[in-house]
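In: sequence isn't available, so here's the structure alone:
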């Protein structure tokens, strides 16, 4: 048996706020008992049932949303709260709502039982909603639910020290009163805003017995909601919806909910909720088939009673029927709206088609047949029945085939003459006219292999020729340079070296060495090329002095330890030779060309 004080502590821990006005003066602990007896409020003194999955059945809080969708829905909700506390709150509800005239009139019915320890309530309500259409995107909805609420208190379950006290109520009493909710909502595209006033009649219950009388008053509540559907795909089948709900009762602190609901094709739903100073809720709902859905919510208690309360959860089972009938005027409005949209779409389609065809014609006239074909294909995709783009595509195909055959003939001729680079360029151009052509692709592959082998052979011959040149075996070097030219006829370097060997009019030695033996003025390896050298010095000071006087540059041979002062480095022998003859030799008759390889 619990003492009255223990009973009071129990009620405080579970955050019950029951209000009864006792008009007789009895002992303090009896007065407190009467004060806490009444309707269970889950949070901040609210007297209306607490639902966690109200975003699936919004008309339970705001009747303006009754029959808001296109289907008729039946839902069974069962909520068990604070399972570790004896006398825990348990709520069971059955709801039904349907559009009688879609987007015009909705009707609904709800029944619920809300039980907490020695107090339970049964409510039965009918709901009506009416939609005033402002324009195609905006609506104003009015709703009213009305019914009866029966409030039951079993005074015999209250545990007291003196059971013979004449001021105590000891019987089971149940009282009925008229109850209702007024709702108002505004919608704009995917935005929904609602205001509701539950318990609008502010009815009261009278309890009496043993020459005592007390009253329980239903207080008006005020609720405001705001939600917005954010669609994440163009088909508008996947959405993310933030939903906020504020509850206000003049005798209690304000409370708010913040929800985020993910909807995947109206088949699967995930939601996360935060209820201020109470709990974080996690919800999942799935449609088993087109009609039946199942949802579950688990609350993670965050308030001060979390150590004593245990878990809270809620189960939802839903069944959907076909939507209400569409009246003729609304059907005609839909048809007219669709026709208008189609007319707009056709006009936009024509405009886009004409732009594409005009661009295609311009490309065709400019000789860009590939680009023109792509544009004609775009136009044909927009209007498959149009003959003009089909004819132009066929014409371009004939022209492209002729162009392809001509290019292949030219490429084959170059291939036979061993102009492999030229042949490759023409084969690649032919692929533009027939991208998947196997013949041209195979030829390009063969050419790449030939060029690779030629390049490898060319580099080997040049390396050998340079070594012979540095050894002053000019005749043998010339032969190797000549052989290298056969593998790369357009290469200038071996041709320059042959010219130098055959007509050495520069005088003096023709010198060549490895570029890896030399460092530039910054300490980096010297670049390859033809250097017009004015003088060489063992002493760096002498080299620097000459550089400063003439604004020349220098390289350093780290193997021999000499500094070479030069006018300029050239990529080609002819340029170096011209500078040597026309400038260097006029200043120093013993100047020369140093080739770094």
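Out: Looks like it came in fine. Keep in mind that what you see is a predicted model, and the values were worked out from it rather than measured.
In: my guess is residue 480 meets residue 464, correct?
Out: Yes - using C-beta atoms under 8 Å, residue 480 makes contact with residue 464 at a distance of 5.0 Å. C-beta here means a position set from N, CA and C on the backbone, and glycine is covered the same way.
In: compare the two (neighbour count), which wins?
Out: residue 480 (23 against 17; other C-beta atoms under 10 Å).
In: which SS state does the closest residue to that one other than its chain neighbours fall under?
Out: Distances taken as C-beta to C-beta, 6 or more residues apart in numbering put residue 465 closest to residue 480, at 3.5 Å, once the chain neighbours are dropped. At residue 465 the chain is in helix, as set by DSSP: H, G, I helix; E, B strand; the rest coil.
In: residue 465 and residue 386, how far apart?
Out: Per C-beta to C-beta, to the nearest Å, residue 465 is found 66 Å from residue 386.
In: one more: residue 400?
Out: When residue 400 is compared with residue 386 (using C-beta to C-beta), they lie 21 Å apart.
In: residues contacting the spatially closest residue to residue 282 that is not a sequence neighbour?
Out: Nearest non-adjacent residue to residue 282, counting by C-beta to C-beta, 6+ apart: residue 298, 5.3 Å away. Counting by C-beta atoms under 8 Å, 6 or more residues apart in numbering, residue 298 touches 281-283, 311-313.
In: so where does residue 298 fall, helix or strand?
Out: strand 292-301 (DSSP states H and E).
In: roughly how far out does that strand sit from the chain middle?
Out: 27 Å (C-alpha atoms, centre = their mean, to the nearest Å).
In: then stretch 78-95?
Out: 39 Å.
In: so for that stretch, what gets flagged as buried?
Out: Buried residues in stretch 78-95, counted by 16 or more other C-beta atoms under 10 Å: 79-82, 85, 87-95.
In: likewise for stretch 172-188?
Out: Quick answer for stretch 172-188 (16+ other C-beta under 10 Å): 175, 177, 179-185, 187.
In: rounded mean pLDDT for it, please.
Out: Averaging pLDDT along stretch 172-188 gives 92.
In: what does stretch 445-465 give?
Out: Stretch 445-465 comes out at a mean pLDDT of 89.
In: neighbouring contacts of that stretch?
Out: 415, 420-421, 423-424, 427, 477-481, 483-484, 487-488, 491, 493-494, 497.
In: at 10 Å instead, please
Out: Here stretch 445-465 makes contact (C-beta atoms under 10 Å, 6 or more residues apart in numbering) with 411, 414-415, 418, 420-425, 427-428, 473, 476-488, 491, 493-494, 497-498, 501, 597.
In: cool, and stretch 579-588?
Out: In contact with stretch 579-588 (C-beta under 10 Å, 6+ apart) are residues 505-508, 530, 532-535, 550, 565-568, 570, 576, 590-593.
In: how far away from the center of its chain is it?
Out: 70 Å.
In: can you give me the end-to-end span of it?
Out: From its first residue to its last, stretch 579-588 covers 12 Å (C-alpha to C-alpha, to the nearest Å).
In: how about that stretch: buried residues?
Out: 579-580, 584-585.
In: and that stretch, what's its mean pLDDT?
Out: Rounded mean pLDDT across stretch 579-588 is 86.
In: and residue 431, helix, strand or coil?
Out: Strictly by three-state DSSP, residue 431 counts as helix.
In: residues in contact with it?
Out: With C-beta under 10 Å, 6+ apart, residue 431 has these contacts: 404, 407, 437, 439-441, 444.
In: what about 8 Å?
Out: By C-beta under 8 Å, 6+ apart, the neighbours of residue 431 are 437, 440-441, 444.
In: who wins for neighbours among those residues?
Out: residue 440 (24 neighbours).
In: and the gap between that residue and residue 223?
Out: 74 Å.
In: where does the stretch 451-597 of the chain have low pLDDT?
Out: 504-510 (pLDDT under 70).
In: tell me where it has strands.
Out: With DSSP state E, counting those that start in this stretch applied, the stretch 451-597 of the chain shows strands at 511-513, 518-519, 529-537, 553-557, 562-570, 592-596, listed in chain order.
In: just put those strands in JSON lines and tack on mean neighbour count and distance to residue 229.
Out: Shown next, in JSON lines, are those (neighbours: other C-beta atoms under 10 Å; distance: least, C-beta to C-beta, whole Å):
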{"stretch": "strand 511-513", "mean neighbour count": "18", "distance to residue 229": "79"}
{"stretch": "strand 518-519", "mean neighbour count": "20", "distance to residue 229": "72"}
{"stretch": "strand 529-537", "mean neighbour count": "21", "distance to residue 229": "71"}
{"stretch": "strand 553-557", "mean neighbour count": "20", "distance to residue 229": "73"}
{"stretch": "strand 562-570", "mean neighbour count": "20", "distance to residue 229": "71"}
{"stretch": "strand 592-596", "mean neighbour count": "22", "distance to residue 229": "74"}
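In: how many neighbouring residues does residue 240 have?
Out: Neighbour tally, residue 240, other C-beta under 10 Å: 14.
In: and what of residue 301?
Out: Residue 301: 18 neighbours (other C-beta under 10 Å).
In: I'd guessed it sits against residue 312; true?
Out: Yes - counting by C-beta under 8 Å, residue 301 touches residue 312, with 6.6 Å between them.
In: so what sits against both of these two?
Out: Joint contacts of residue 301 and residue 312 (C-beta under 8 Å, 6+ apart) are 82, 279.
In: can you name the residues bridging to the residue nearest to residue 282?
Out: residue 282, residue 313 (DSSP bridges).
In: look up how far residue 244 lies from the spatially most central residue of the chain.
Out: For the chain, the residue sitting closest to the mean C-alpha position, by C-alpha atoms, centre = their mean, is residue 232 at 7.9 Å. Counting by C-beta to C-beta, the separation of residue 232 from residue 244 is 20 Å.
In: ok, and for the strand holding residue 298, which residues are buried?
Out: Those buried within strand 292-301 under the rule 16+ other C-beta under 10 Å are 293, 295, 297, 299, 301.
In: following it, which helix or strand comes up?
Out: Assigned by DSSP H and E, the successor of strand 292-301 is helix 306-309.
In: host element of residue 410?
Out: With DSSP H and E as the test, residue 410 turns up in helix 387-416.
In: so what's residue 277 closest to, chain neighbours aside?
Out: residue 303 (5.5 Å).
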